[in-house]
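Visitor: coordinates for the following, if possible.
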Amino acid sequence: MKLVIVESPTKAKTISRFLGKGYKVESSFGHIRDLPKSKMGIDIEHNFEPKYLVPRDKSKKVKLLKDLAKKADEIYFATDSDREGEAIAWHLVELLKPKKEQAKRITFHEITKHAIEQALKEPRELDMDRVDAQQARRILDRLVGYELSPFLWRKVAKGLSAGRVQSVTVRLIVEREREIEKFKPEEYWSLLALLLSEKDSEKPLEASLVAKEGKKYDKLGIADKKTMDEILKDLKDASYTIESIEKKEKKRNPYPPFTTSTLQQAANNRLGFSAAQTMRLAQQLYEGVELGEKGSVGLITYMRTDSLTLSDKFLKEARDFIGKEFGDKYLPEKKKLYKTASKGAQEAHEAIRPTDPELTPDDVRSHLDPQQAKLYTLIWQRAVSGQMNPAILDQTSVSISADKYTFRASGSIVKFDGFMQVYPLKTEEKIFPEMKEKEVLELKELTPDQHFTEPPPRYTEASLVKELEKKGIGRPSTYAPTIKTVIDRNYVEKEAKKLSPTEIGIMVNDVLVEHFPNVVDYDFTAKMEEDLDEIAENKKEWVPVIKEFYDPFKKNLDKKEKEVQKSDIAEEETDEKCEKCNEPMLIKMGRFGKFLACSGYPDCKNARPLDKDGEPTAPTNPVYSDEACEECKDKMELKKGRFGAYYKCVGEDCKHTRSVEVLTGITCPKCGKGDIIERRSKRGKTFYACNKYPDCKNAYWSKPTGEECPDCKSLLVAGPKGTIVCSNKECKKEKE
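Guide: Residues are numbered from 1 along each chain as shown. The predicted structure follows:
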C-alpha cells in the first residue's frame with residue numbers, strides 16, 4: 001500500500017479520484033504539530049530551539065497516520081508547495097519517522113490527473129532550507145508576540161497583543177488616519193463649455209478650460225471665485241474656434257493573470273470580498289468542487305503565489321480555446337508571457353489560473369455557490385483574457401481657442417474589444433459630432449464649478465494589500481490573516497469597506513512607535529522578509545538571523561519594562577470622585593477603549609463609561625433584572641459592553657452573564673412559540689434567531705421584515721442595496 005498524506009479532507013477526496021487501488025489518501029487536517037499555546041515553547045539559551053507538541057485534538061489523527069505508515073511501502077508527503085506546506089511535511093516526517101527510502105515528497109500546483117501523475121513520477125527529498133525559513137518566521141512571530149504582548153498588558157490594558165507584521169499594518173492605518181485629520185482642503189475651480197457644431201446642433205461638444213495664453217492650468221490654477229469671474233468676463237464676447245482635431249489609435253493591453261495580492265485586490269474592488277473571504281473561497285476551488293458526474297474537480301491552481309508564470313500546457317489549451325470560441329482576430333501570433341515584478345517571487349510557482357480553460361464559468365456555475373462562482377469567473381476571465389489580443393480604441397482630442405483661452409474635449413470609442421470580450425472593463429465611450437478644423441462653434445452654455453481638494457482615502461483591504469506588497473511587508477500567505485487579526489483584535493474597524501484605527505489601536509501603535517521603533521519600522525520589517533527569503537534560498541542560516549533581531553530587541557524590552565509606567569500611557573486624572581468610596585476617578589484604557597474607573601482599584605471596582613465626546617458620564621443607579629442569576633441566584637445588574645447591553649451577576653465569585661433580548665416583534669414561523677430576536681455571533685456579527693434556542697434553531701443572517709414570501713411563505717429579509725429577498729435559499733429571489 002502507498003500512503004499519500006495531504007492537509008485537507010477535500011483535497012484528499014479530489015486526489016483519490018486520480019489514484020488506483022494501491023493508494024490510500026489521508027488528510028492531516030492542517031498542522032499536526034505546533035508550538036504550545038500556554039507558554040513560549042522556544043529555548044532561547046540553546047539556539048532558539050523550538051519545542052513542538054501535538055495538540056490534544058490531533059492525537060487520534062496522529063495515531064491513525066502512524067498505524068497507516070507502519071503498513072505502507074511508500075509514504076508520499078503531498079502537502080502544499082509553499083514554505084508552510086514544506087514545514088507541515090517535515091513535521092509529519094518527524095512524527096512518523098519513515099525510513100529514508102520510504103519517504104517521498106511530492107508537490108503540484110493544481111489538483112488534476114496530469115499534475116498528480118507527474119508529481120508521483122518526480123518525487124524529491126524535503127527542502128530543509130524552506131522548512132528553516134518557515135520555522136524562523138514562526139519563531140520570530142512567537143518571540144515578538146510572547147515577549148511584547150505581556151508588556152502591553154502591564155503598561156496599557158489586559159488582553160492586548162503585538163505582532164511582527166500586524167503591528168506594522170496597524171501603523172499604516174494609523175498614519176493614514178492622521179494624514180486625513182491634518183488635511184486642509186484647498187479651493188479650486190473648473191470651467192466646462194457646451195458648444196454646438198453647425199452640422200450637428202443636436203449633439204453638444206463638452207470642452208474643459210485647460211490653458212491661458214498657451215500656459216496650462218495646474219489642478220489649483222483657478223484658485224477662487226474672483227479668478228473665475230475674471231475668466232468669465234474675458235469670455236463674454238469670445239469666439240470659439242476649432243484649432244485642431246487629433247485622432248489616433250491606442251492599444252489597451254490585457255492584464256496579467258492573478259497573483260495572491262492582485263486577486264485579493266480585484267476581488268475586493270469588483271466583488272466586495274474581504275481578503276480572508278477571497279482566500280477561503282480560493283482554497284475551496286483549489287482543493288476540489290463536486291461537478292456532478294465528473295466528481296470532485298480542482299478548478300484553479302494553488303492560490304498562494306507571487307509568480308506570473310504559466311505552464312506551457314495551459315498556454316496551449318487557452319490559445320486553442322480562444323481560437324475556437326472567439327476566432328483568429330482575438331488570438332495573438334505568439335503566446336503572452338508575463339514578467340514577475342514582485343521582489344523575492346518564486347518562479348517555480350505558477351500564477352493563479354483555471355486548471356482547464358474549457359471549464360467556463362457557465363459550465364460550472366450550477367455546481368458552485370454564488371460566491372465561489374463569482375470568484376471562479378474572475379480568475380477564469382483574467383487568465384484567459386491575458387492570452388488575447390489588445391483592445392483597440394479610437395481616441396479623439398479637439399483643441400478649441402476662445403481668444404486667449406484654450407478648451408479641450410477628449411473622447412474615445414472602442415474600435416475592437418479584444419481581451420475585453422472576456423474581461424470586461426468600464427469604458428465610457430464619447431462620440432463627437434461631425435466637425436472640422438477652423439470651424440466656429442456656437443456657445444450654448446458655460447458652467448463654472450467649485451471644487452475642494454480631498455484628503456487621502458482610508459485604506460480598503462485592496463489598497464492595504466497593495467501597500468503591504470509595495471513596502472515588502474509580509475508575503476502572499478500573510479496578507480489575509482494579518483488584516484483579519486487586526487480587525488478581530490479591535491485595533492482596526494471596517495465600515496463601508498474602509499479601514500480606520502480604533503482608540504486602542506492608536507494608543508498601542510503610539511506605544512510601539514515610541515518605545516519599539518524597530519518592530520514597527522517599515523524598512524526593518526521588509527529587511528526581515530528578505531532575510532527569510534535568503535534562508536529559503538540557502539544563502540543564510542536561520543539561527544544568526546533570529547539572534548541578530550532578538551538580542552537588541554530583548555535588551556530594549558528589559559529597559560522599557562523599568563522606564564515605562566502605565567500611569568504615563570493609559571491613565572488620565574479627572575476631577576470626578578467615586579460615588580462609592582470618594583476616591584478620585586481616572587480615565588483608563590481598556591481593550592475596547594477608554595472608560596472611567598476608581599483609583600481605589602482593586603478595593604473598589606466602580607467603573608463608568610464615557611460619553612460620545614469622551615467625557616465622564618454621570619453616575620446612575622444600578623438597574624437589575626427581574627430574573628435572578630441562573631447559577632447562584634444573586635441579582636443580575638444591567639451593563640453595557642462592546643456588543644450592547646447585557647446582564648452580569650453581582651455575586652463576588654460569580655461571573656455569569658445573560659444577554660438582553662432585542663425583540664423584532666416577529667413570531668418565529670418555525671415553532672410558532674418563540675420570538676425572533678437580534679443576537680451576536682462569537683465573532684461579533686449580528687444575526688436574528690428564535691429565543692427558544694436550543695429547542696428551536698431557526699435563524700437568519702439578515703433582518704426579517706415580518707412579511708411572508710408570496711411564493712413559498714418563508715420570511716422576507718433585508719437584501720443588498722435596500723432590496724427585499726426571500727430567506728429560503730431555494731427560492732431566494734428578489735421581491736417587489
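Visitor: most remote residue from this structure's center?
Guide: Here the chain reaches farthest from its C-alpha mean at residue 237, the gap being 55.8 Å by CA atoms, centre = their mean.
Visitor: that one and residue 443, how far apart?
Guide: With distances taken as CB to CB, to the nearest Å, residue 237 is found 10 Å from residue 443. C-betas here are computed from N, CA, C, even on glycine.
Visitor: separation between the residue farthest from the centre of the chain and residue 104?
Guide: Taking CB to CB as the criterion, residue 237 is separated from residue 104 by 87 Å.
Visitor: ditto for residue 74
Guide: Residue 74 sits at a distance of 6 Å from residue 104 (criterion: CB to CB).
Visitor: higher neighbour count, the two?
Guide: Taking neighbours as other CB atoms under 10 Å, residue 74 and residue 104 compare with residue 104 leading, 20 against 17.
Visitor: which SS class is the more buried one?
Guide: Secondary structure, DSSP: H, G, I helix; E, B strand; the rest coil: residue 104 is strand.
Visitor: hang on, it packs against residue 75?
Guide: Yes - Residue 104 is in contact with residue 75 according to CB atoms under 8 Å; the separation is 6.9 Å.
Visitor: and residue 295, how many neighbours?
Guide: Neighbours of residue 295 under the rule other CB under 10 Å: 14.
Visitor: run a quick neighbour tally on the residue lying closest to it once chain neighbours are set aside.
Guide: Leaving aside its sequence neighbours, residue 295 sits nearest to residue 17 (CB to CB, 6 or more residues apart in numbering; 5.2 Å). Using other CB under 10 Å, residue 17 is surrounded by 16 other residues.
Visitor: list the residues that contact residue 17.
Guide: By CB atoms under 8 Å, 6 or more residues apart in numbering, the residues touching residue 17 are 113, 295, 296.
Visitor: show me those that map onto helices.
Guide: Per DSSP state H, helices hold the following members of those: residue 113.
Visitor: could you dump the contacts of residue 17 into CSV with pLDDT and distance to residue 184 added?
Guide: Below are these laid out as CSV (pLDDT from 0 to 100; distance: CB to CB, whole Å):
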residue, pLDDT, distance to residue 184
113, 91, 62
295, 89, 62
296, 90, 58
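Visitor: which one of the contacts of residue 17 is nearest to residue 30?
Guide: Nearest to residue 30 out of the contacts of residue 17 is residue 296 (CB to CB; 19.0 Å).
Visitor: can you get me the start-to-end distance on stretch 267-286?
Guide: For stretch 267-286, the first-to-last residue distance is 16 Å (CA to CA, to the nearest Å).
Visitor: I'd like the mean pLDDT over that stretch, please.
Guide: The average of the pLDDT scores along stretch 267-286 is 95.
Visitor: hmm, who's touching it?
Guide: 10, 110-111, 260, 263-264, 298-304, 352, 371-372, 374-376, 378-379, 460-462, 465, 479-481, 483-484, 497.
Visitor: can you tell me how far the spatially closest residue to residue 352 that is not a sequence neighbour sits from residue 307?
Guide: Distances taken as CB to CB, 6+ apart place residue 258 nearest to residue 352, at 4.3 Å, with adjacent residues excluded. As defined by CB to CB, residue 258 lies at a distance of 11 Å from residue 307.
Visitor: and for the two, which residues touch both?
Guide: Common neighbours of residue 258 and residue 307, using CB under 8 Å, 6+ apart, are residue 351.
Visitor: these two - which one has more neighbours?
Guide: Comparing residue 258 with residue 307 by other CB under 10 Å, the one with more neighbours is residue 258, at 26 against 21.
Visitor: pretty sure the more buried one sits against residue 384.
Guide: No - using CB under 8 Å as the test, residue 258 is too far from residue 384 to be in contact (11.9 Å).
Visitor: just the strands in the stretch 451-600 of the chain please.
Guide: For the stretch 451-600 of the chain, applying DSSP state E, counting those that start in this stretch gives strands covering 492-495, 498-501, 571-577, 584-590, 593-598.
Visitor: with mean pLDDT, mean neighbour count and distance to residue 530 added, can I get those in a markdown table?
Guide: As requested, the strands of the stretch 451-600 of the chain are exported to a markdown table (pLDDT from 0 to 100; neighbours: other CB atoms under 10 Å; distance: least, CB to CB, whole Å):
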| stretch | mean pLDDT | mean neighbour count | distance to residue 530 |
| --- | --- | --- | --- |
| strand 492-495 | 92 | 15 | 26 |
| strand 498-501 | 96 | 19 | 26 |
| strand 571-577 | 85 | 13 | 40 |
| strand 584-590 | 85 | 19 | 36 |
| strand 593-598 | 84 | 20 | 37 |
